[in-house]
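**Student:** here's my sequence, what's the structure:
(chains A and B, ligands or ions: 2)
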Amino acid sequence: MATAETKKGAIAGFNFSEKECVWMRARVVATKYCDNAFDCTTCAFDKGMKKKMERESLDAGWNTKMFALASEEQRCRHALTGRAPRNKMCARNYECGDCPFDQMLDDMIQVDHTLFGPPQYLNAHGYLVPRDYYIHRGHGWARVEYGGRVRIGLDDFGNRLVGTVDRFRLPSLGTRFKLSEESFILSREGQEAGVKAPLSGVVTAVNQKLLDYPACAHDDPYSAGWVMLLDPIELKGDLKELYFGVDSVKFVESEAERLLSMITDDPQRAAALGGEPLPDIYGSFKEIGWNKLVKSFI
Amino acid sequence: MKKKEPPRTVHRPPSGYISVVPLGHIKEDVLRVVADSIQGVLRLPVDVTPEVGLPESAFMSARNQYNVLDLIKFLESNHAGPSLKVLGVTAKDIANPILTYVFGTAFMDGKAAVVSTARLQLSVNGELVSREQFLERVVKAAIHEIGHTFNIPHCHKDHCVMRASNSLTELDEKMSYLCDYCELFLAEAVGDALRTRSAQTRQAESG
Ligand SMILES: [Zn+2]
Ligand SMILES: [Zn+2]
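**Tutor:** Residues are numbered from 1 along each chain as shown, chains lettered A, B, ... in the order given. Ligands and ions are numbered 1, 2, ... in the order given. Have a look, this model is predicted:
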C-alpha cells in the first residue's frame, strides 16, 4: 500500500532513539525499533505483544516486570505513544487487558485513526515536536486538517516556557489575522503573552475548554490543548514561512539551546544531560523575568 | 533532503461524517463557523452541502413558523446521504406543535438535527447583539443538537455545551466545548455509528 510506504520512509533520518518501539520505551522488551511509523494500530508486533500481555497478565509475570522496571514513573502506555495526555499515569499496574481506559482508547484510536490520526512525536532535546504539524518561530503550531481547515495551538516548548497559565483570552469568531499577528493571549499572575498567528486566516472555531481548564494546553498541547481553527487565506505561501518535519526539530533544538544559554554558562554540557525538560521554565527561573522570556521566544 | 515537505494526508478520512445542510439561504460566514466549530470541537470531518429549499409541507401557516419535527424527517429521508449525521441550519423561525419556538431540535441517537438562527440575533431586551455573540450562539446550538444525535444527554458539568439551554441567557452562559464525560460519550457513540455503518455497507455489498 502506498501510504504505508510513505509512512515508513518518512521517519528515516531522525535520530535513532526516536525509533524506539513503545514497548521498548516502556521497558518491556530490551531492543525493538519501530518499523511501522509508530502506527500501533496496524503493527503486527504490537498485536503480538498485546496477546502476550493478556496471557501473561494471568500469571502476573508481565505486569510485575512492567511495574518493577517503570517503577519511579508508572506512565500509561498510551502516554508513550502520544494517544493519552503525557501525564496520564497507569492506575492498574499495567493490567491493560481489563483497563476501561485502555479499552476506551482503543475505541478512540479506531475513531481518531480514521480522522486526523493521533499525533506522532519527534523529540527535540526532550521537547515534543509532532509530525505533520507546522511550527511557527513564535511556537504556535498549525495542522492542516479535513476540508483545508487549519487547527492552531502552542507547542510543547512554548507551553513549558510559560508554565502554569491561569487564563486564556481567545479571539472572537470571525476575527481575521495576518501571519505573525498577535492572536490568542495567555496570562499568568497578571502577565500576558500574545501568541503569533502561524498563518493568515479567519477564526472559525475556538476551544472554550481552555477558558475553564487552562491547563489543558500544557498537559496535551497538540490535541486537547488546541486553541482555534483558522480558515486560511494564503495557505500555500504562509506554510513556506513555517518549520516542518526535520526543520521543526532543528528549530526547537536551537531554541532549547538558546534557552539554556540564558540559564547556564555551560549550555553544551547541560544539553548533553538529556532527560525531560522542566514543565515550568518561567516558574523555575523567575530571575530571567516574564517579559524577557516571552519577548525572546513567543 | 528537501527543505519543506508538503502537508501529508496519510489519515485522509472518508468524507461524510457530518453534513451541514443550509435550509434556505444562510450567510457564508455562519455556515463556515458552524461547520468548522463542529469539526473543531468534535474532531469529526464536516462537509457543507449546497442550499436546500424548505419543504412547504413543514410550514405551519397559522403560526408563521416551520415545524421542526417535519424538517428533521425531511432531512432524514432526503438529505442524509452517506453521512453519520445531518445538521440543517435555517434562518426561518422553527417550533414544534407544543413549544412556541425552539433554537434547535434533535432526536436522541437520531440521524438529523435542525437549528434556527431566527431567535439568536437579539438580546433579551430586543437589541441586536454583536456578530461575534450571534455566531457563538449558533455554534453552541449546533454542537448541542449534534451531540444529542450522538445520544449525549443533557449535562450539568461546568459550562459544557450539553447543558440544557431554554433561554438566550442560558445559551449565552454556557460554552461551546464538551466536558470530559461528554467527550467519552461521543467517542463511544462515534465508534458505534462507524461500526454500524461499515456493517451496513458490507451487507449492502454482499446482498
Ligand atoms: Zn438539549
Ligand atoms: Zn458534558
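**Student:** C-alpha only now, for contacts and for neighbours.
**Tutor:** OK.
**Student:** stretch B:74-92 vs chain A: in contact?
**Tutor:** No: against chain A, stretch B:74-92 shows no contacts by C-alpha under 8 Å from any C-alpha of the partner chain, the least distance being 13.0 Å.
**Student:** quick one: mean pLDDT over that stretch.
**Tutor:** For stretch B:74-92, mean pLDDT is 92.
**Student:** would you mark the buried spots in the one helix or strand in chain B whose mean pLDDT sits lowest?
**Tutor:** The weakest-scoring helix or strand in chain B, judged by mean pLDDT, DSSP states H and E, is helix B:180-206 (a mean of 85). For helix B:180-206, burial by neighbour count (16 or more other C-alpha atoms under 10 Å in any protein chain shown) applies to B:Cys182, B:Glu183, B:Leu184, B:Phe185, B:Leu186, B:Ala187, B:Glu188, B:Ala189, B:Val190, B:Gly191, B:Ala193.
**Student:** which ones are touching the fifth one?
**Tutor:** Residues near B:Leu186 by C-alpha atoms under 8 Å, 6 or more residues apart in numbering or on different chains: B:Leu42, B:Gly147, B:Phe150, B:Asn151, B:Ile152.
**Student:** quick one: the helices in the stretch 51-200 of chain A?
**Tutor:** Secondary structure of the stretch 51-200 of chain A (DSSP state H, counting those that start in this stretch): helices at A:61-69, A:77-81, A:100-114, A:156-162.
**Student:** separation between A:Lys250 and A:Ala124?
**Tutor:** 7 Å (C-alpha to C-alpha, to the nearest Å).
**Student:** what about these two, which has more around it?
**Tutor:** A:Ala124 (21 against 16; other C-alpha atoms under 10 Å in any protein chain shown).
**Student:** dump the helix or strand that contains B:Leu87 to CSV, keeping only the CA atoms.
**Tutor:** According to DSSP states H and E, B:Leu87 maps onto strand B:85-90. Taking Å, rounded to 0.1, in the frame of the first residue of the first chain, the C-alpha atoms of strand B:85-90 are listed here in CSV:
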residue,chain,number,x,y,z
LYS,B,85,-25.4,12.8,10.9
VAL,B,86,-27.0,15.8,9.2
LEU,B,87,-27.5,19.2,10.6
GLY,B,88,-30.0,21.5,9.0
VAL,B,89,-29.4,25.3,9.5
THR,B,90,-32.2,27.7,8.8
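**Student:** in terms of secondary structure, what does it contact?
**Tutor:** strand B:18-23, helix B:68-78, strand B:112-116, helix B:131-149 (3 or more C-alpha pairs under 8 Å, 6 or more residues apart in numbering or on different chains; DSSP states H and E).
**Student:** can you add distance to A:Glu276 and mean neighbour count and give these back as CSV?
**Tutor:** As requested, the helices and strands packed on strand B:85-90 are exported to CSV (distance: least, C-alpha to C-alpha, whole Å; neighbours: other C-alpha atoms under 10 Å in any protein chain shown):
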stretch, distance to A:Glu276, mean neighbour count
strand B:18-23, 40, 24
helix B:68-78, 52, 18
strand B:112-116, 47, 28
helix B:131-149, 38, 24
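**Student:** can I get the ones you listed in a markdown table with distance to ligand 2?
**Tutor:** Shown next, in a markdown table, are the helices and strands packed on strand B:85-90 (distance: least, C-alpha to the ion, whole Å):
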| stretch | distance to ligand 2 |
| --- | --- |
| strand B:18-23 | 20 |
| helix B:68-78 | 24 |
| strand B:112-116 | 19 |
| helix B:131-149 | 10 |
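**Student:** nearest to B:Ala164, out of those?
**Tutor:** Among the helices and strands packed on strand B:85-90, helix B:131-149 comes nearest to B:Ala164, with 8.7 Å by C-alpha to C-alpha.
**Student:** give me the contacts around the closest one.
**Tutor:** A:172-174, B:30, B:33-34, B:37-38, B:85, B:87, B:103-117, B:120-121, B:153, B:161-162, B:171-172, B:175-176, B:186.
**Student:** so of those residues, which ones are in strands?
**Tutor:** Counting by DSSP state E, the members of the contacts of helix B:131-149 that fall within strands are B:Lys85, B:Leu87, B:Gly104, B:Thr105, B:Ala106, B:Ala112, B:Ala113, B:Val114, B:Val115, B:Ser116.
**Student:** next, the contact list for the last one, please.
**Tutor:** With contacts defined as C-alpha under 8 Å, 6+ apart, B:Ser116 is in contact with B:Val89, B:Thr90, B:Ala91, B:Lys92, B:Asp93, B:Ile94, B:Val102, B:Phe103, B:Gly104, B:Val138.
**Student:** and the first one, how far from chain A?
**Tutor:** In this case it means B:Val89. 16 Å (C-alpha to the nearest C-alpha, to the nearest Å).
**Student:** I'd say that residue and B:Ser19 touch.
**Tutor:** No: look at B:Val89 against B:Ser19 with C-alpha atoms under 8 Å: they stay out of range, at 10.6 Å.
**Student:** what's the local residue count around B:Pro97?
**Tutor:** Neighbours of B:Pro97 (other C-alpha under 10 Å): 11.
**Student:** now swap in B:Met108 and tell me
**Tutor:** B:Met108 has 17 neighbours, counted by other C-alpha under 10 Å.
**Student:** got the confidence number for it?
**Tutor:** pLDDT, read off for B:Met108, is 95.
**Student:** domain ranges for chain A?
**Tutor:** Listed domain ranges for chain A are A:22-111, A:119-244 (source: automatic domain parsing).
**Student:** ok, of those domains, where does mean pLDDT dip lowest?
**Tutor:** domain A:22-111 (a mean of 57).
**Student:** who touches the nearest residue to A:Met228 once chain neighbours are set aside in this structure?
**Tutor:** Among residues not flanking A:Met228 along the chain, A:Val206 sits closest, at 4.2 Å (C-alpha to C-alpha, 6 or more residues apart in numbering or on different chains). By C-alpha under 8 Å, 6+ apart, the contact set of A:Val206 is A:Leu170, A:Pro171, A:Leu173, A:Val227, A:Met228, A:Leu229, B:Ser37, B:Gly40.
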